[in-house]
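1. Return a 3D structure for these sequence lines:
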Amino acid sequence: MIIRETKDSFIMIRQHDHAFLSGETIKHFNRNLLKSDEFFEDALYAAYQHDRSWIGLDETPIWNDREKTPYTFSDYPLLPKLAFYKIGVDEIERVNTYASLLCSLHFCSFFSQSKNKDCLVFLTGEARRQMRLKESFPDLDEELLQQHFHLLQFSDNLSLYLCLNEPGVGKEDEHPWFRNGFKHTEIFHHDHQPLTVRWMNEKEVTLDPYPFNKDFHVSLQYKIVTKGLIEEMGIAEAYEKSDMEEMKIQLCRS
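-> Purely as a prediction, here's the structure:
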């Protein structure tokens, strides 16, 4: 679950809805920025499906007693998170081999600096998976694979930007992950400057440089779960009783 807290409530966004938003952005990506069109549809599938491991977990949110908030994707207990990451990549692999390779690389990037023994076990298992999957592509273009990997990272970050920030927020008040621009955007330009994203108002977001073919709208589903309702009936039932809402956002050139 992706959580944004306000004075009286929590804005709660399911991970799979966030991933759908990732795919909706990549659908409009300017393919001329990539080495070739090969495997683009597979990379698009990876963007749409990369967080399917959270579908079951997000059905019943759980409460973080220490922080007095629902658990989020970033502080969710590690062992179940690792187990469900593996399950998610397993499910993607049964449908699309190339997409599962991208998603495996994506999840491993989260723990690349970790010394935790459970993370190391996860990384070892995924490294074996990646070697096996690459055998399915004897002429695999590693440069193109890295472009698609960075594209997946970018789509994930862009969707998180839209989810974690209050619509219309000023740059200085953005979530700290994004104030200095986006990383992993070398495929968009060659001057090594970060790609900058900015809320212009409550409905429009600009990107510079602009990596899409045209301006377009995306829709984001979320629930507003009030703190009073959580206190009354607990996080799981309060989330279930709250209505699903939808916000439309336009992505456009700066």
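2. now do the same end-to-end measure for stretch 156-171.
-> For stretch 156-171, the first-to-last residue distance is 19 Å (Cα to Cα, to the nearest Å).
3. now it: mean pLDDT?
-> Confidence for stretch 156-171, expressed as mean pLDDT, is 95.
4. Could you pull out the buried residues of that stretch?
-> Residues of stretch 156-171 classed as buried by neighbour count (16 or more other Cβ atoms under 10 Å): Asp156, Asn157, Leu158, Ser159, Leu160, Tyr161, Leu162, Cys163, Leu164, Asn165. Bear in mind the C-beta positions are built from the backbone N, C-alpha and C, glycine included.
5. Helices - which of those residues land there?
-> Asp156, Asn157, Leu158, Ser159, Leu160, Tyr161, Leu162, Cys163, Leu164 (DSSP state H).
6. Adding distance to Phe107, write the residues you listed out as JSON lines.
-> Shown next, in JSON lines, are those (distance: Cβ to Cβ, whole Å):
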{"residue": "Asp156", "distance to Phe107": "11"}
{"residue": "Asn157", "distance to Phe107": "15"}
{"residue": "Leu158", "distance to Phe107": "18"}
{"residue": "Ser159", "distance to Phe107": "16"}
{"residue": "Leu160", "distance to Phe107": "15"}
{"residue": "Tyr161", "distance to Phe107": "20"}
{"residue": "Leu162", "distance to Phe107": "21"}
{"residue": "Cys163", "distance to Phe107": "19"}
{"residue": "Leu164", "distance to Phe107": "19"}
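7. that older thread, ok, the buried residues of stretch 156-171 vs Asn96, which is closest?
-> Taking Cβ to Cβ as the measure, Asn96 lies nearest Asp156 of these, at 17.2 Å.
8. With Arg94 as the reference, measure out to the closest one.
-> Per Cβ to Cβ, to the nearest Å, Asp156 is found 22 Å from Arg94.
9. what do you get for Asp65?
-> On the measure of Cβ to Cβ, Asp65 and Arg94 end up 37 Å apart.
10. same thing with Ile26?
-> On the measure of Cβ to Cβ, Ile26 and Arg94 end up 22 Å apart.
11. Brilliant, that's me finished.
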